[in-house]
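1. Fold the following.
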Amino acid sequence: MNVVAATPPLITSGTAVLALMAGVMPQRWARREGPTVIAIVGLIAAAVMSVVLWGSRQLALNGGYRADRASMLFNLIFIGCAIATLLLSVREPAGVDRRGEFAALVVTAAAGMMLVAGAGDLITIFVGIEILSVAFYVMCALELWRERSLESGLKYLIVGAVGSSFLLYGFAFLFGASGSTSLTKIGNNLALTPGHTEPLLWIAVTLIIVGLGFKASAAPFHMWTPDVYEGAPTPVTAFMATATKATAFIAFLRIFWAPLGDLIHTWQIAIGAVAVASIAIGNIAALVQPNLKRMLAYSSVAQAGYLLIGVASGSLRGTQAVLYYLLAYSVMTMAAFAIVIIREREVENGEQLSSLAGYGRQRPLLGITMTLAMLSLAGFPPLAGFVGKFVLFSAAAEQHLWWLVIVGAIGSMVSLGYYLRVVGVMWFGSAADDAEGPKMAVPAPVMLVTGTCAVAIIAIAVAAGPLLTVCRQAALALLAP
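-> Sure thing, here's the model as predicted:
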């Protein structure tokens with residue numbers, strides 16, 4: 001069983017139970033502060049174990065879970081996003097009124113993500129995705145008094161079930177083609193029996209791309225994203241936009257990088273086509289969005305397209321680029337949503353772009369943070385987003401996928417139309433009379449997340465060399481059978 005190798009998801013699962021129990025304690029202080037404190041302490045413990053386990057691969061659960069450098073790197077991403085979500089939920093209605101349930105659901109989702117990151121078996125991937133999906137179905141609808149929140153949860157439930165169905169059917173066909181659900185055995189069996197399984201493989205690859213496309217918010221499987229992002233509590237939206245997307249891409253890499261790597265001709269064009277659709281639809285739709293959460297939703301669709309360029313390259317450098325860009329994307333997206341959360345609590349309709357008019361002049365530090373997030377998402381040098389896109393496009397060019405490089409470059413130029421609009425409104429817009437000044441102090445935990453993300457956007461670019469080395473080591477771990 002090798003329980004030690006599986007300690008990060010085990011610690012996280014146990015933490016979820018303790019956080020839920022703390023939420024029903026008779027003492028008022030324990031109910032209010034206990035779940036969040038327990039959740040953060042448990043997540044930190046899981047992060048420490050992830051660092052300790054960094055190194056050669058260890059197998060757990062009869063090979064169903066792999067503790068390697070790739071899974072440990074993603075564990076740290078998930079844990080960072082989960083802790084940021086818990087801190088951003090301070091004074092948030094969804095977090096205050098149901099603190100025990102909220103903390104437990106966040107940690108449960110993180111546990112499901114860790115299972116996917118370390119999966120050595122198709123069954124583990126599916127179970128992990130379902131665990132995190134069910135947690136998000138509830139979190140999206142946690143504000144029962146808001147019709148939009150209930151609508152968000154219901155839409156995510158329906159579309160998530162459809163995506164899971166495609167994914168499950170794809171796994172079934174892949175099992176039929178290879179005779180195993182083990183990722184290692186799938187690769188070995190397909191290498192020994194080429195040719196006669198081709199029709200099954202085409203069907204399996206298509207269904208898996210569709211299923212994971214739903215989870216990654218990639219076009220044309222993105223239809224749920226704007227409505228769910230807008231209706232869910234904003235800390236939940238931030239968690240969904242960062243950690244869930246990272247989960248979908250580690251699943252892409254686990255399945256297509258090593259087991260199906262020799263069959264790149266069966267999936268490279270398909271994934272490249274989804275990347276092109278995501279970049280085009282996401283960027284064009286974001287241009288006309290007056291709502292910041294909807295704009296960031298379409299932005300996430302476009303960002304999924306850039307990441308799929310790295311997946312489509314099917315190379316070590318492409319996988320390295322995907323891992324690095326996920327690090328950068330997580331911090332710059334979390335920073336953007338942190339500003340939206342702060343503004344929502346200060347004025348009515350704080351998620352509208354118009355509510356940010358003149359906000360940079362009112363609160364320069366928050367304005368600088370949002371500016372860094374927008375410029376980095378747009379790919380301005382020398383920020384983390386620029387470095388990430390550069391390595392992604394370089395990996396595609398190395399594989400002679402010039403059509404993807406051209407589409408990615410054009411998409412980046414189009415994205416300036418909405419990212420720079422946010423910056424312009426913040427610094428040069430005229431604030432309305434009812435939005436001229438902050439209405440409340442920013443809680444220290446929220447400010448901590450905001451400041452940390454702003455620094456990280458710069459730090460990830462400055463430390464690009466060492467981080468790319470770490471990502472390369474993680475990519476090599478994914479390549480190992």
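2. Could you report the neighbour count for Val470?
-> Val470: 17 surrounding residues under other Cβ atoms under 10 Å. In this view, the C-beta of every residue, glycine as well, is placed from N, C-alpha and C.
3. surely it meets Leu73?
-> Yes - with contact defined as Cβ atoms under 8 Å, Val470 reaches Leu73; the gap is 6.9 Å.
4. Let me see the ranges of the strands in this structure.
-> For the chain, the strands defined by DSSP state E occupy 58-60, 65-67.
5. Comparing those strands by mean pLDDT, which bottoms out?
-> For these, the weakest mean pLDDT is recorded on strand 58-60, namely a mean of 89.
6. out of the strands of the chain, which comes closest to Gly429?
-> When these are compared by Cβ to Cβ, strand 65-67 sits nearest Gly429, at 49.5 Å.
7. Okay, Phe337 and Thr237: tell me how far apart.
-> Applying Cβ to Cβ, to the nearest Å, the value for Phe337 to Thr237 is 6 Å.
8. Just give me the residues shared between the contact sets of the two.
-> Any residue near both Phe337 and Thr237 by Cβ atoms under 8 Å, 6 or more residues apart in numbering counts here, and that gives Leu296.
9. quick one: contacts for Gly213?
-> 163, 221, 274.
10. Could you rerun that using 10 Å?
-> 163, 166-167, 219-222, 248, 252, 270-271, 274, 277-278, 304, 308 (Cβ atoms under 10 Å, 6 or more residues apart in numbering).
11. In this structure Thr237 contacts Ala338, no?
-> No - contact criterion Cβ atoms under 10 Å: Thr237 and Ala338 do not qualify, at 11.3 Å.
12. between those two, who's got more neighbours?
-> The residue with more neighbours, out of Thr237 and Ala338, is Ala338; 30 against 27, by other Cβ under 10 Å.
13. can you tell me how far the more buried one sits from Leu292?
-> Where Leu292 is concerned, Ala338 sits at a distance of 12 Å (Cβ to Cβ).
14. How about Gly179?
-> Distance from Gly179 to Leu292, by Cβ to Cβ: 49 Å.
15. go on, Ile271?
-> Distance of Ile271 to Leu292, given as Cβ to Cβ: 30 Å.
16. now Val449
-> The gap separating Val449 from Leu292 is 17 Å, by Cβ to Cβ.
17. Quick one: the helices in the stretch 251-400 of the chain, in order.
-> Ranges of helices in the stretch 251-400 of the chain, per DSSP state H, counting those that start in this stretch, are 268-286, 292-313, 316-346, 359-362, 364-378, 384-398.
18. residues bridging contact with Ala338 and Leu292, i.e. touching both?
-> The contact lists of Ala338 and Leu292 share 234, 370, where a contact means Cβ under 10 Å, 6+ apart.
19. since we're on the residue lying closest to Pro35 once chain neighbours are set aside, how many residues are nearby?
-> In space, and not counting its chain neighbours, Pro35 is closest to Ala103: 3.8 Å by Cβ to Cβ, 6 or more residues apart in numbering. By the measure other Cβ under 10 Å, the count of residues near Ala103 is 30.
20. again, but for Leu287
-> Neighbour count of Leu287, defined by other Cβ under 10 Å: 13.
21. Report the contact partners of it.
-> So Leu287 contacts 295, 298, 414-415, 417-418, 421 (Cβ under 10 Å, 6+ apart).
22. again, 7 Å this time
-> If you count contacts by Cβ atoms under 7 Å, 6 or more residues apart in numbering, Leu287 has them with 417-418.
23. Quick check on the contacts of Gly213: which are buried?
-> 163, 166-167, 219, 221-222, 248, 252, 270-271, 274, 277-278, 304, 308 (16 or more other Cβ atoms under 10 Å).
24. Could I get the full set of helices for the stretch 1-150 of the chain?
-> Going by DSSP H, counting those that start in this stretch, the stretch 1-150 of the chain shows helices at 7-22, 28-52, 69-88, 93-97, 99-117, 122-140, 147-178.
25. hang on, Ala302 packs against Ile284?
-> No - using Cβ atoms under 7 Å, Ala302 is not in contact with Ile284, being 9.0 Å away.
26. Where does pLDDT dip in the stretch 51-200 of the chain?
-> Within the stretch 51-200 of the chain, the segments meeting pLDDT under 70 span 92-97, 194-197.
27. rewinding a little: between Gly179 and Leu292, which one's more packed in?
-> Leu292 (27 against 13).
28. Let me see the contact set for that one.
-> If a contact means Cβ under 7 Å, 6+ apart, then Leu292 has 340, 351-353 as its contacts.
29. With neighbour count as added columns, please give those residues in TSV.
-> Shown next, in TSV, are those (neighbours: other Cβ atoms under 10 Å):
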residue	neighbour count
Val340	23
Glu351	21
Gln352	19
Leu353	18
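30. And the pLDDT at Pro438?
-> Per-residue confidence (pLDDT) for Pro438: 50.
31. ignore the last one, Pro382
-> For Pro382, pLDDT reads 89.
32. again, but for Ala431
-> On pLDDT, Ala431 comes in at 65.
33. before we move on, what about Thr266?
-> For Thr266, pLDDT reads 81.
34. hang on, the earlier thing: point out the most buried one among the strands of the chain.
-> With neighbours taken as mean count of other Cβ atoms under 10 Å, those reach their highest mean count in strand 65-67, at a mean of 28.
35. so what secondary structure elements neighbour it?
-> For strand 65-67, the elements it packs on are strand 58-60, judged by 3 or more Cβ pairs under 7 Å, 6 or more residues apart in numbering; DSSP states H and E.
36. Would you mind listing the buried residues in stretch 111-128?
-> Quick answer for stretch 111-128 (16+ other Cβ under 10 Å): 111-122, 124-126, 128.
37. for it, how far is the first residue from the last?
-> End-to-end span of stretch 111-128 (Cα to Cα, to the nearest Å): 8 Å.
38. just stretch 283-298 next, same as before
-> Calculated as Cα to Cα, the first-to-last residue distance of stretch 283-298 is 7 Å.
39. same question, stretch 134-151
-> Using Cα to Cα, the end-to-end distance of stretch 134-151 comes out at 15 Å.
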